[in-house]
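J.: here is a sequence together with a model predicted from it:
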Amino acid sequence: MSRILLLQGNQAVVEGAIAAGVKFYGGYPITPSTEIAEQLALRLPQVGGKFMQTEDEIAGLGTVIGASMAGQKAMTATSGPGFSLKQELIGYAAMAELPIVVAMIMRAGPSTGLPTSPAQGDVMQARWGTHGDHPMITLCPSSVKEMYELTIKAFNFAEMYRTPVLLMTDEVIAHMREGVALEDDYEVVDRVHPAEAPGKDYLPYKVEEGSMVPPMDTIRTLSPAGIAVLITSERYMGSARFAATEPITVRISSKSAHLNKNNSLYIFFMPDLHFLSGHIMRGFMVLNTFFGGRQRRRDKKTAFTAKKHRLITD
């Protein structure tokens, strides 16, 4: 069952987040991502969620991390300068293994740049923006429909791998309007909690056999057994206690291994390859849409059907 709506790209992100079960948004309005905040301010109360506009970009991501610790699916949205400010907390969420979603709508920079101009200059920052080494799942929609679908997948991957996930596109896709069929049969991954309330032997970062990541308990002052649940970004072992004797690379390598072992789950979308004027053109975000349109017009004139290639398809 589906319903067809005329949606802006940012509105499609909101509908995808609601479908995925988001219950908290914290952030600071910044063009060209502001519509995500505006729409979630309206939609979240309708589904029992909370919206918080914070005093700055850093606080916005801080509230999202807190909501994730408290057991809620949470997200924020930003653009260039705000993304730079969030880097330290993105690294914190990666190390503490906290599932969050950051929608990053790119604009021209550097610095304030040109807020209403499209750009794709933050791709390298998405991968290398934080200090230290850690994997980063980044999904890049190229249409309004994909803004909806990949938002749902972003929340799913965040929960599956206990990691921050970036939903990254440019201003054109964010402000484009298309008719979108909102399907209601997408798989939604919910958080895995410990089977039992934490006891004295509870290890919050212990990965159970057959699992990719440890189950995530809700942070609170004390568990029913009187045990404090510790979440930390320091190097740690299964107990979450500071582990000076264990190289930090052990934990990061373990996280990377889980992602690499299961990368067929999330490396499913790659920019299409388009054949134009004897050249192979690989589009990315709005350029994918542009090359696709040029290719369709060319094919119509020459009766040549070009195949689109993807690394791994859905």
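T.: Cool, the structure landed.

J.: and the helices in the chain?
T.: Counting by DSSP state H, the chain has helices at residues 9-20, 34-43, 57-69, 80-85, 87-96, 123-128, 144-161, 171-175, 248-261, 286-302.

J.: looking at these, which has the lowest confidence?
T.: The weakest mean pLDDT among these belongs to helix 286-302, with a mean of 50.

J.: give the contact list for Ala108.
T.: The contact partners of Ala108, by Cβ atoms under 8 Å, 6 or more residues apart in numbering, come to 80, 114-115, 117-119, 121. No exception for glycine: its C-beta is placed from N, CA and C like everyone else's.

J.: among these, which two are most distant?
T.: Taking Cβ to Cβ, the two most distant members of those are Pro115 and Gly121; they sit 13.5 Å apart.

J.: count of neighbours near the nearest residue to Met176 once chain neighbours are set aside?
T.: Among residues not flanking Met176 along the chain, Gly9 sits closest, at 5.2 Å (Cβ to Cβ, 6 or more residues apart in numbering). Per other Cβ atoms under 10 Å, the neighbour tally for Gly9 reads 29.

J.: which residues does Gly9 contact?
T.: Shown in contact with Gly9 (Cβ under 8 Å, 6+ apart): 141, 144, 147, 169, 173-177.

J.: follow-up on the earlier one: want to throw the contacts of Ala108 into a markdown table with distance to Ile152 and neighbour count?
T.: Converted to a markdown table, the contacts of Ala108 look like this (distance: Cβ to Cβ, whole Å; neighbours: other Cβ atoms under 10 Å):
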| residue | distance to Ile152 | neighbour count |
| --- | --- | --- |
| Gly80 | 25 | 26 |
| Leu114 | 31 | 13 |
| Pro115 | 28 | 16 |
| Ser117 | 29 | 14 |
| Pro118 | 24 | 20 |
| Ala119 | 26 | 16 |
| Gly121 | 27 | 14 |
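
J.: can you list these in CSV and add distance to Pro135?
T.: Compiled in CSV, the contacts of Ala108 are given as follows (distance: Cβ to Cβ, whole Å):
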residue, distance to Pro135
Gly80, 23
Leu114, 32
Pro115, 30
Ser117, 31
Pro118, 27
Ala119, 25
Gly121, 22
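
J.: what is the nearest of those residues to Met69?
T.: Gly80 (27.3 Å).

J.: quick one, what contacts that closest one?
T.: For Gly80, the contact set (Cβ under 8 Å, 6+ apart) comprises 106-110, 113, 119, 121-122.

J.: if you set the cut-off to 6 Å instead, what comes out?
T.: Contact analysis of Gly80 by Cβ atoms under 6 Å, 6 or more residues apart in numbering lists 107, 109, 122.

J.: what about it, distance to Gly121?
T.: Gly80 sits 8 Å away from Gly121, going by Cβ to Cβ, to the nearest Å.

J.: what do those two both touch?
T.: By Cβ under 6 Å, 6+ apart, Gly80 and Gly121 have these common neighbours: Gly109.

J.: Thr218 against Ser68, yeah?
T.: No. Assessed by Cβ atoms under 6 Å, Thr218 is found out of contact with Ser68, at 9.9 Å.

J.: of these two, who's got more company?
T.: Ser68 (28 against 14).

J.: got the contact list for the more buried one?
T.: Applying Cβ under 6 Å, 6+ apart, the residues near Ser68 are 74, 98-100.

J.: repeat that with 10 Å
T.: Contact analysis of Ser68 by Cβ atoms under 10 Å, 6 or more residues apart in numbering lists 24, 74-75, 93, 96, 98-101, 158-159, 162, 164, 191, 216, 218-219, 231.

J.: go on, Phe83?
T.: Going by Cβ under 10 Å, 6+ apart, Phe83 touches 30, 33, 57, 61, 90, 102, 104-106, 109, 122, 125-126, 129, 166, 168.

J.: what's the pLDDT at Ile227?
T.: Listed pLDDT for Ile227 reads 63.

J.: any figure for the gap between the nearest residue in space to Ala17 that is not next to it in sequence and Gln125?
T.: Take Ala17 and drop its neighbours on the chain: the residue closest to it by Cβ to Cβ, 6+ apart is Thr151, 5.4 Å away. For Thr151, the distance to Gln125 (Cβ to Cβ) stands at 21 Å.

J.: more neighbours: the two, which one.
T.: Set Thr151 next to Gln125 and count neighbours by other Cβ under 10 Å: Thr151 wins out with 28 against 17.

J.: quick one: the more buried one and Leu7 touch, right?
T.: No. With contact defined as Cβ atoms under 10 Å, Thr151 does not count as touching Leu7 (11.8 Å).

J.: any common contacting residues for those two?
T.: Counting by Cβ under 10 Å, 6+ apart, the residues touching both Thr151 and Leu7 are 13-15.

J.: on that earlier part again, Gly210 is nearest to which of the helices of the chain?
T.: Across those (criterion: Cβ to Cβ), the nearest stretch is helix 248-261, sitting at 12.2 Å.

J.: could the helices of the chain be laid out in a markdown table, adding distance to Tyr186?
T.: Listed next are the helices of the chain as a markdown table, based on distance: least, Cβ to Cβ, whole Å:
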| stretch | distance to Tyr186 |
| --- | --- |
| helix 9-20 | 6 |
| helix 34-43 | 17 |
| helix 57-69 | 21 |
| helix 80-85 | 27 |
| helix 87-96 | 24 |
| helix 123-128 | 24 |
| helix 144-161 | 5 |
| helix 171-175 | 20 |
| helix 248-261 | 22 |
| helix 286-302 | 22 |
